[in-house]
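S.K.: quick one: sequence plus predicted model below, questions after.
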Amino acid sequence: MSINRIFGGLATATIAAAALTGLSIPSQAEETLKLAHFVPPAHIVTRSVVEPLSNGVEQDSNGELKIQVYPGGELGAGPLEQYVRALQGVADITWGLQGYTSSQFPKSMIVEMPGAMDGMTGYDMIWNAYDDHLKDEFPGTKPLALWASEPNIFIMKDHDVRTPDDIKGLKIRVSGSTAAATVEALGATPVQMPAGEIYNALQTGLIDGVITGTSAVGDFKLDEVANSYTFGAPLGHITFYLVMNQGKYDSLPDALKAAIDKNSGRSLSKSGEEGWNARADDVLQSIKDAGDNTVIVLSDDEAAAFGELTLPVTDKLIAEMNAQDVLSAMRGE
């Protein structure tokens, strides 16, 4: 029996049952959007991005627009294909990392570069430059949120990192091309892989450590396999997107579009970034409280020693991209 016949039969049965019991039938105006991501429901993305969007649009549409979440790769297990899933309509909305497909997002990922944020928020930088410089990096979709993580740190197994020499020759996992260039500048070997593979890679020795945000330690249980953490080196950040299929958005009635618009954009991005930073603070405290970790907080002079190698990476990449105007727009200059 075909899928269409199965669901057609279920719909007919539902209508008949409702008629017999006096239940109301949902209006045809009601819409349910599919939101897909590749991490467990307990990940910080749920509390800081998915729930504010889902609850907001349902409330502001009087229940006519709902979002059904498919976590943990239920609509496709490959994290690198998240953008394509939205583009092809496998899901209406997807969450992912620009770094996983770095070549698509070179200008957006300027925010990731060491020192680029320089006291600003990542979400403000991205949205400041979006209309004039970044929009073409998101073909076929409507970005609902664009933001950056807390600062990257060194997450290591059996290696304490206090100076740049301590990282030389090691294999370090990175999320994308920007972090890879940073790792290479430090004399280490970058290994790109999705976050879900880090645990096993650290456990088995495929990699010696990771450059990513503190929140990932808790979200992916890296504290079970890592034992040394270094904070304060200028290693940049990670950027994220939540995008919606443009065709699906365009097909919605104006009232439902308005509900999405009200609960997305810069405000949802702010919620995401603040959620990541708060999660990082909580995880840092748990790392300290565990009592079996080496936690290294670099002094200004120690951090500067790393910066002598990592900050020029940003200047080099900006020059190669001829993107000073993009960085200036991001900073509101």
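M.R.: Structure received.
S.K.: show me where the stretch 1-150 of the chain has its helices.
M.R.: 3-21, 44-45, 51-60, 82-88, 122-129 (DSSP state H, counting those that start in this stretch).
S.K.: what's around Leu268, how many residues?
M.R.: Using other C-beta atoms under 10 Å, Leu268 is surrounded by 25 other residues. All C-beta atoms are positioned from the backbone trio N, CA, C, and that covers glycine.
S.K.: what's near enough to touch it?
M.R.: Neighbouring residues of Leu268 by C-beta atoms under 8 Å, 6 or more residues apart in numbering: 49, 52-53, 144-145, 242.
S.K.: highest neighbour count among those?
M.R.: Neighbours here mean other C-beta under 10 Å. Within the contacts of Leu268, the largest count is held by Ala145, at 30 neighbours.
S.K.: so what's it up against?
M.R.: 49, 53, 123, 240-242, 264-265, 268-269, 271-272.
S.K.: what separation do you get for it and Met244?
M.R.: According to C-beta to C-beta, to the nearest Å, Ala145 and Met244 sit 10 Å apart.
S.K.: what residues does stretch 98-108 touch?
M.R.: By C-beta under 8 Å, 6+ apart, the residues outside stretch 98-108 that reach it are 79-80, 82-83, 109, 112, 126, 129, 133-134, 137, 146, 174-179, 194, 238-241, 321, 323, 326.
S.K.: how long is it from one end to the other?
M.R.: Its start and end residues considered, stretch 98-108 measures 8 Å (C-alpha to C-alpha, to the nearest Å).
S.K.: filter the contacts of Ala145 down to the ones in helices?
M.R.: In this view, the contacts of Ala145 that belong to helices under DSSP state H are 53, 123, 268-269, 271-272.
S.K.: can you put those residues in JSON lines and add distance to Asp158 and pLDDT?
M.R.: Listed next are these as JSON lines, based on distance: C-beta to C-beta, whole Å; pLDDT from 0 to 100:
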{"residue": "Leu53", "distance to Asp158": "41", "pLDDT": "98"}
{"residue": "Tyr123", "distance to Asp158": "36", "pLDDT": "98"}
{"residue": "Leu268", "distance to Asp158": "40", "pLDDT": "98"}
{"residue": "Ser269", "distance to Asp158": "37", "pLDDT": "98"}
{"residue": "Ser271", "distance to Asp158": "37", "pLDDT": "98"}
{"residue": "Gly272", "distance to Asp158": "33", "pLDDT": "98"}
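S.K.: any stretches of the stretch 101-250 of the chain with poor pLDDT?
M.R.: Judged by pLDDT under 70, the stretch 101-250 of the chain has no weakly predicted residues.
S.K.: looking at the helices of the stretch 1-150 of the chain, which one has the lowest mean pLDDT?
M.R.: Lowest mean pLDDT within the helices of the stretch 1-150 of the chain: helix 3-21, at a mean of 35.
S.K.: so who does the residue most central in space within the chain touch?
M.R.: Centroid-nearest residue in the chain: Phe240, 3.1 Å away (criterion: C-alpha atoms, centre = their mean). By C-beta under 8 Å, 6+ apart, Phe240 lies in contact with 45, 95-98, 145-149, 272.
S.K.: can you check Ala180 too?
M.R.: 174, 190, 192.
S.K.: follow-up on the earlier one: can you tell me which of the contacts of Leu268 is nearest Ile287?
M.R.: Closest approach between the contacts of Leu268 and Ile287, by C-beta to C-beta: Val49, at 23.9 Å.
S.K.: ok, the closest residue to that closest one other than its chain neighbours - contacts?
M.R.: Using C-beta to C-beta, 6 or more residues apart in numbering and skipping residues adjacent in sequence, the residue nearest Val49 is Gly272, 4.5 Å away. Applying C-beta under 8 Å, 6+ apart to Gly272 gives the contacts 45, 48-49, 123, 145, 147, 240, 242.
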